[in-house]
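> Just to be clear, the model below is a prediction. Sequence and coordinates:
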Amino acid sequence: MGELDFHLLVAALRTDRADVESYHRVLSDTLGSALPPGMVEVSRRRTFADRVAGRDGQAVSVRVTTPDRVLVLSAGRHGGVAAELHQVVRGVVISRKETTVDDWLAALAQELAKLAERDARARDALSRLLGG
């Protein structure tokens, strides 16, 4: 994945995404099926009305787990989206850092690019996301 592809991926993820539900749809629907199982996890809040109607509820956080990082987007306290990057060593989180959504997206793009270099299915998922 070249430098241009990296920037296209970040731009595609930044486009018109103001809430966790939007990111959930992109990450789960487009990438989730092609990436290794368990890499993308979504936490939801289900109201009583959601349960009665058989709905999944509203996505409140998205967690992307890679060998070296855990990237978390969650609903902000006052609306919007909060982003965190967790550094992982041998399966243990050694640091957590709050960051901007743009920095989170850049970190996600880097992790996906690394994965795409090693995995053909991940490379195909990224191509679909980028419209290629």
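Structure's in. What do you need? Numbering: from 1, shown residues only.

> Below-threshold pLDDT in this structure: ranges please.
Counting by pLDDT under 70, the ranges of the chain that qualify are 1-35, 121-123, 125-132.

> in it, which spans are helices?
Taking DSSP state H, the helices of the chain run over residues 3-14, 20-24, 48-53, 101-118, 120-129.

> tell me what the longest one is packed against?
What it means is helix 101-118. In terms of contact count using 3 or more CB pairs under 8 Å, 6 or more residues apart in numbering; DSSP states H and E, helix 101-118 is assigned the packing partners helix 3-14, strand 69-75, strand 81-89, helix 120-129. (C-beta placed from N, C-alpha, C; glycine too.)

> For it, C-alpha coordinates in CSV please.
Written as CSV, here are the backbone C-alpha positions of helix 101-118 (Å, rounded to 0.1, in the frame of the first residue of the first chain):
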residue,chain,number,x,y,z
VAL,A,101,-10.4,11.6,15.7
ASP,A,102,-8.0,12.7,12.9
ASP,A,103,-5.0,11.2,14.7
TRP,A,104,-7.1,8.1,15.5
LEU,A,105,-7.9,7.7,11.8
ALA,A,106,-4.3,8.1,10.8
ALA,A,107,-3.3,5.4,13.4
LEU,A,108,-6.1,3.1,12.0
ALA,A,109,-4.9,3.7,8.5
GLN,A,110,-1.3,2.8,9.5
GLU,A,111,-2.5,-0.4,11.2
LEU,A,112,-4.6,-1.4,8.3
ALA,A,113,-1.8,-0.7,5.9
LYS,A,114,0.5,-3.0,7.9
LEU,A,115,-2.2,-5.7,8.0
ALA,A,116,-2.8,-5.3,4.2
GLU,A,117,0.9,-5.9,3.5
ARG,A,118,0.6,-9.3,5.3
